[in-house]
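A.B. asks: Return atomic coordinates for the entry below.
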Amino acid sequence: MRIEFEYEIYNEEHIKITEASTTLFFLDAQTNKVIKCPDFLMEMIEASWKEEK
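C.D. replies: Here you go, the predicted model:
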């Protein structure tokens, strides 16, 4: 599983100066296999996302 965030950055005059994105993925340290996002982290992300909207 991966989570992608896209965002825009504005300066003090509210002019967009750049766009960016971040991709998160989760890896089991013992098997080196991609795993799903841990539930506690997904809950934190979802709670934060709802606060922002």
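
A.B. asks: What strands flank the helix or strand hosting Glu19, and is each parallel or antiparallel?
C.D. replies: If you go by DSSP states H and E, Glu19 is part of strand 16-27. Within its sheet, and counting by DSSP bridges, strand 16-27 is paired with strand 2-10 (antiparallel), strand 34-35 (antiparallel).

A.B. asks: Output the ones you listed as CSV; include the columns mean pLDDT.
C.D. replies: Below are the strands paired with strand 16-27 laid out as CSV (pLDDT from 0 to 100):
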stretch, mean pLDDT
strand 2-10, 91
strand 34-35, 92
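
A.B. asks: Ok, which of the ones you listed comes nearest Ile45?
C.D. replies: In terms of Cβ to Cβ, the element of the strands paired with strand 16-27 nearest to Ile45 is strand 2-10, at 7.1 Å. C-beta coordinates here come from the backbone N, C-alpha and C atoms, glycine included.

A.B. asks: which ones are touching the nearest residue to Leu24 once chain neighbours are set aside?
C.D. replies: Spatial nearest neighbour of Leu24, chain neighbours left out: Ile3 (4.6 Å); criterion: Cβ to Cβ, 6 or more residues apart in numbering. By Cβ atoms under 8 Å, 6 or more residues apart in numbering, Ile3 lies in contact with 23-25, 37, 45.

A.B. asks: Surely Leu41 is within a strand?
C.D. replies: No - secondary structure of Leu41 (DSSP: H, G, I helix; E, B strand; the rest coil): helix, not part of a strand.

A.B. asks: for Tyr10, which residues make a bridge with it?
C.D. replies: Here Tyr10, judged by DSSP bridges, has bridge partners Lys16.

A.B. asks: That one touches Lys16, doesn't it?
C.D. replies: Yes - using Cβ atoms under 8 Å, Tyr10 is in contact with Lys16, at 5.4 Å.
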